[in-house]
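Visitor: model the structure of this input:
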Amino acid sequence: MSAAGLTPVVVRLKLSLLRNGLRQSAGRRAAYITSVVVVLLIAALQLLGLIALRGNAHAATIAVLLVEVLALGWAVMPLFFPSGDETLDPTRLVMLPLRPQPLVRALLAASLVGIGPLFTLCLFTGAVISVAHGAAAYGVGVLAVVLALLVCVALARAVAAANIRLLTSRKGRDLAVLSGLVIAVGAQLVNFGAQRLGSAGLSPLDPVENVLRWVPPASSIGAVDSVSRGAYGLAVAQLALSAAALAGLLALWSRSLTTLMTSPDESTLQAADPGARERTSTGLSRLLPAGRTGTVMERSLRYIWRDPKTKAAWVTSLAIGLIVPVFNALQGTGSIYFACFAAGMLGIQMYNQFGQDTSAFWMVAMTISSRRDAYAELRGRALALLLITLPYATLVTVVTTALLGAWPKLPEVLGLSFALLGAMLATGAWSSARFPYSIPQEGYKNVVPGQAGLAWISIFGGMIAAALLTAPVIAVAIWLNVSSDGDRWTWLLLPAGVLYGALITLLGLRLAAPRTAGRLPEILTAVSKG
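Guide: Numbering: from 1, shown residues only. Got it, this is the predicted structure:
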């Protein structure tokens, strides 16, 4: 099929995929329409804001930075949301007799259909209007908008094609888990930067703009500004940079497509070599304790590393546990006691321990015949969590202390963190046996319908109980801080917190073990509904 005939076919295919997806349910149509309205509203507001910047001394700075940030978003989105566009996977066309060049042009045209390109077009148009002055600048602006949009789309396609094997594998799905971390950290960085700029103005960004105006696709917007200032030679060079970037991305995309269409994938290679499927034990098992404890710890750690839902929960807890104290300290509004937030977020992972096993919990249940077996099972799971939570909570506390310069408070806060962590492990073990619930294997929900109440009781009830169990250590810390000479003895809270956390954890495991051993059928029923 010729390129002229292939392009409309692929565009119609994109529209058919969109139309058929909306036909699946009324909820999906409502969500799509709502997202279109919201995106168009944001795009309109951004467009009006950029137009209002005309004549401002920093209009070019804002326009160039905005274009570059948007291009960065186009580059990374396919890595974190590979299923957002079905046409991003060209391997679906591998059985068709298509050449790379016509396919590139067809897929490029199809990529221009959607909410994302429309949103990008509005922002690029506003960026051009904010810096264009005169008929020549507006004429160049039309070309600049087209070039910038094509560079963004080609960049997304090239990145997706180069990583499509990864994105469609289990590791690719695990990579998508990091999207929450990237968004959370990015939001905090934007907030932090906005606060800094609010006091210093936009002048510190001018040197950055002087560099980025030569980086495609922002160089095309820089060309419009150059024409407005009468620097026609600079404008030609900046447009040439964007055109060269577009040609390079299309060539890279074409090369990736050729590789995808002609090389075997990993599953084919494994089928040809049965020995490649064999997996030997790593050194992890040799570093863990012998017996059931080590086996349970290894299984729990493998869940954290390999199960998407478990990994997502851990990534979220690790990110939030670091972001809240550190960014508050950077913004000058933090407290050293915010470091305890890391221990609290990580301690939540002890709740609903059996839910991550799903229906496979029956294999665990078959190995538990006594309270002693149940205690060993819970102890192994708690120790696996401690391997990560103890050093991480310590690291967050030390970093927060360093940022605030409150080194005398370090032993006290570490003691409080360890006491809180022990209390959460204790209540988490008991809650896992008393209020287990199922975690769906598909979709984004973490609780199956009908068990939301169990999840709320398990997590929030356990957190309240953990706070009450930590109250004695908190009371001692308050008493030492209000006493006239109490600062001399606050360091004792570190060994006291470690001892209290260890004792409360052992007590919680002892109390939860008989309940676990006596409720194995109920636990299996509760966690098998996903």
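Visitor: how many residues are close by Ser370?
Guide: Neighbourhood size, Ser370 [other Cβ atoms under 10 Å]: 11. From N, CA and C alone the C-beta is placed, and that goes for glycine too.
Visitor: if I pick it, what's in contact with it?
Guide: Neighbour list for Ser370: Ala517 [criterion: Cβ atoms under 8 Å, 6 or more residues apart in numbering].
Visitor: from Thr525, how far off is it?
Guide: Separation of Ser370 from Thr525 (Cβ to Cβ, to the nearest Å) stands at 21 Å.
Visitor: just Val140 next, same as before
Guide: 69 Å.
Visitor: more neighbours, the two?
Guide: Val140 (25 against 14).
Visitor: which strand or helix spans that one?
Guide: helix 135-162 (DSSP states H and E).
Visitor: from the chain's centroid, how far away is the strand or helix carrying Leu506?
Guide: Per DSSP H and E, Leu506 falls inside helix 493-518. Its chain's C-alpha centre and that of helix 493-518 lie 33 Å apart, by Cα atoms, centre = their mean, to the nearest Å.
Visitor: do the same with stretch 368-385
Guide: 32 Å.
Visitor: quick one: residues contacting Ala148.
Guide: Counting by Cβ under 8 Å, 6+ apart, Ala148 makes contact with 67, 71, 124, 216-218, 220-221, 242.
Visitor: out of these, who's nearest Val39?
Guide: Phe124 (14.9 Å; Cβ to Cβ).
Visitor: host element of that closest one?
Guide: Assigned by DSSP H and E, Phe124 belongs to helix 115-131.
Visitor: now swap in Leu66 and tell me
Guide: Short version: Leu66 belongs to helix 59-80, going by DSSP H and E.
Visitor: name the residues of the very next helix or strand once past that helix that are buried.
Guide: Next in sequence after helix 59-80, counting helices and strands by DSSP H and E, comes helix 100-111. Across helix 100-111, burial judged by 16 or more other Cβ atoms under 10 Å covers 100, 102-111.
Visitor: buried residues in the helix holding Phe124?
Guide: Buried, per 16+ other Cβ under 10 Å, within helix 115-131: 116-117, 119-131.
Visitor: rewinding a little: report the angle between the axes of the helix holding Val140 and helix 115-131?
Guide: 150 degrees (axes from the mean of the first three to the mean of the last three Cα atoms, to 10 degrees).
Visitor: orientation of helix 135-162 relative to helix 59-80 in degrees?
Guide: In terms of direction (the same axes, to 10 degrees), helix 135-162 departs from helix 59-80 by 20 degrees.
Visitor: what's the spacing between helix 135-162 and its chain's center?
Guide: Put simply, helix 135-162 sits 27 Å off its chain's centre (Cα atoms, centre = their mean).
Visitor: contacts for stretch 397-404 next, please.
Guide: For stretch 397-404, the surrounding residues in contact (Cβ under 8 Å, 6+ apart) are 322, 325-326, 329-330, 334-336, 338-340, 342, 407, 409-410, 413-414, 417.
Visitor: again, 7 Å this time
Guide: 325-326, 329-330, 334, 336, 338-339, 407, 409-410, 413-414, 417 (Cβ atoms under 7 Å, 6 or more residues apart in numbering).
Visitor: and it, average pLDDT?
Guide: Stretch 397-404 comes out with an average pLDDT of 90.
Visitor: equivalent analysis for stretch 473-492, please.
Guide: Mean predicted confidence for stretch 473-492 is 85.
Visitor: how distant is that stretch from the center of its chain?
Guide: A distance of 39 Å separates the centroid of the chain from that of stretch 473-492, by Cα atoms, centre = their mean.
Visitor: in it, which residues are buried?
Guide: 473-474, 476-477, 480, 490-491.
Visitor: measure that stretch end to end?
Guide: 11 Å (Cα to Cα, to the nearest Å).
Visitor: spit out the contact partners of Ser35.
Guide: Shown in contact with Ser35 (Cβ under 7 Å, 6+ apart): Ile115.
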